[in-house]
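K.L.:
This is a predicted model, with the sequence first.
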Amino acid sequence: MRRSGVPPSGPVLAWTKELPPNLNVTLFHVYATFAPMTASSSAMDRERTAVADACRRLGAEGLLIGTAGNVSVRAGDRVAITATGAVLAALTPDQVTVVDLGGEVVAGSLRPTSELDLHLGVYRRYGTGAVVHTHAPMATAVSCVLDELPCIHYQLLALGGTVRVAPYATFGTPELAEAVLAALDGRSAALLANHGAVTHAPTLDTAVENALLLEWACGVYQRAAAMGRPRVLDERQQLAVVEAAIARDYGTTHPVPPAQ
Ligand SMILES: [Zn+2]
């Protein structure tokens, strides 16, 4: 897929409101260096294929159940998004519909997902490049119990730290979309009470990685909580992680220096 700008190769630290302003600016700048894809063709064929590939990967990773969930990627003012009623784990490019940012279908023969307004809302409010929504088992279980997933592991800082749980609302409604948009403030992930999870990122690959990371973290939380009360990283510990990640360019490979 063609991208404008050169994305870093590793995970990205999301902007967290709790951190000091200078670090917020630094992290937001790093996060924003991932530019969304630009439209490659009027039919968005490459984006539709990328969405189908992403869905099949999410299925292979165990994050999908039947026709539940939806995935989209933005290219300029066009969004390629999964069709309603499609089995995501076996999705084909012709089951991906292209809409404009107002929700009008511009390519494809199938009606887009019932969560279209949620996806478009994330693009409009956060200017991101891709959105992934699943009913993944660990994330959904946590969403049935907690009001937020606490920052129990430093990798959660890649999602912005603590992950909020948006209050329950019926699927496909403006109320659900608004609740999720609020929960995503300063975050690249949110849980939907008694429903599932949403992640977003400047690229589709990173949005999928964020979904996998959130599912892993929810699984860790459940295992830890089964043994006792999980410890939560405090603000000082979180700040130290951010500083170390910036200093060491965390998440990227580094060549061994040549022998002298
Ligand atoms: Zn859903």
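P.N.:
Arrived safely.
K.L.:
Mind jotting down where the strands sit in the stretch 51-200 of the chain?
P.N.:
Listed from the start of the chain, the stretch 51-200 of the chain has strands (DSSP state E, counting those that start in this stretch) covering 70-75, 78-82, 96-100, 105-107, 130-134, 148-149, 163-166, 189-192, 196-201.
K.L.:
So which elements touch the last one?
P.N.:
It stands for strand 196-201. helix 116-126, strand 130-134, helix 137-143, strand 189-192, helix 204-227 (3 or more CB pairs under 8 Å, 6 or more residues apart in numbering; DSSP states H and E). Every C-beta, even on glycine, is put in place using the N, C-alpha and C of the backbone.
K.L.:
and those, which is most packed in?
P.N.:
strand 130-134 (a mean of 30; mean count of other CB atoms under 10 Å).
K.L.:
which sections of the stretch 1-150 of the chain are below the confidence cut-off?
P.N.:
Across the stretch 1-150 of the chain, the ranges flagged by pLDDT under 70 are 1-43.
K.L.:
that older thread, ok, and which of the strands of the stretch 51-200 of the chain has the densest surroundings?
P.N.:
The densest packing among the strands of the stretch 51-200 of the chain, expressed as mean neighbour count by mean count of other CB under 10 Å, is seen in strand 130-134 with a mean of 30.
K.L.:
quick one on the thing from earlier: mind putting the strands of the stretch 51-200 of the chain in JSON lines, distance to V232 included?
P.N.:
Below are those laid out as JSON lines (distance: least, CB to CB, whole Å):
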{"stretch": "strand 70-75", "distance to V232": "31"}
{"stretch": "strand 78-82", "distance to V232": "35"}
{"stretch": "strand 96-100", "distance to V232": "39"}
{"stretch": "strand 105-107", "distance to V232": "45"}
{"stretch": "strand 130-134", "distance to V232": "25"}
{"stretch": "strand 148-149", "distance to V232": "10"}
{"stretch": "strand 163-166", "distance to V232": "12"}
{"stretch": "strand 189-192", "distance to V232": "16"}
{"stretch": "strand 196-201", "distance to V232": "20"}
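K.L.:
Those strands: which one's closest to A217?
P.N.:
Closest approach to A217 among the strands of the stretch 51-200 of the chain is made by strand 148-149 (6.6 Å; CB to CB).
K.L.:
roughly how far is the closest one from the heart of the chain?
P.N.:
Strand 148-149 sits 16 Å away from the centroid of its parent chain (CA atoms, centre = their mean, to the nearest Å).
K.L.:
Over to stretch 222-242?
P.N.:
From the chain centre to the centre of stretch 222-242 is a distance of 21 Å (CA atoms, centre = their mean).
K.L.:
Could you do stretch 104-117 as well?
P.N.:
For stretch 104-117, the distance between its averaged C-alpha position and the chain's averaged C-alpha position is 20 Å (CA atoms, centre = their mean).
K.L.:
partners of the residue nearest the centre of the chain in the sheet?
P.N.:
Centre of the chain computed as the mean C-alpha position; nearest residue by CA atoms, centre = their mean is T199, 2.2 Å away. Applying DSSP bridges to T199 yields these beta-bridge partners: V132, A189.
K.L.:
residues contacting it?
P.N.:
Contacts for T199 (CB atoms under 8 Å, 6 or more residues apart in numbering) come out as V131, V132, L159, S188, A189, A207, N210, A211, L214.
K.L.:
which one among the residues you listed gets closest to H119?
P.N.:
Within those, proximity to H119 (CB to CB) peaks at V131, which comes in at 4.8 Å.
K.L.:
Please tell me I have it right and the closest one contacts V122.
P.N.:
Yes - assessed by CB atoms under 8 Å, V131 is found in contact with V122 at 5.0 Å.
K.L.:
Please enumerate the shared neighbours of these two.
P.N.:
Shared contacts of V131 and V122, defined by CB under 8 Å, 6+ apart, comprise V198, H200.
K.L.:
Can you lay out the helices and strands packed on strand 196-201 as JSON lines showing distance to D94?
P.N.:
JSON lines is the format used below for the helices and strands packed on strand 196-201 (distance: least, CB to CB, whole Å):
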{"stretch": "helix 116-126", "distance to D94": "18"}
{"stretch": "strand 130-134", "distance to D94": "20"}
{"stretch": "helix 137-143", "distance to D94": "29"}
{"stretch": "strand 189-192", "distance to D94": "28"}
{"stretch": "helix 204-227", "distance to D94": "18"}
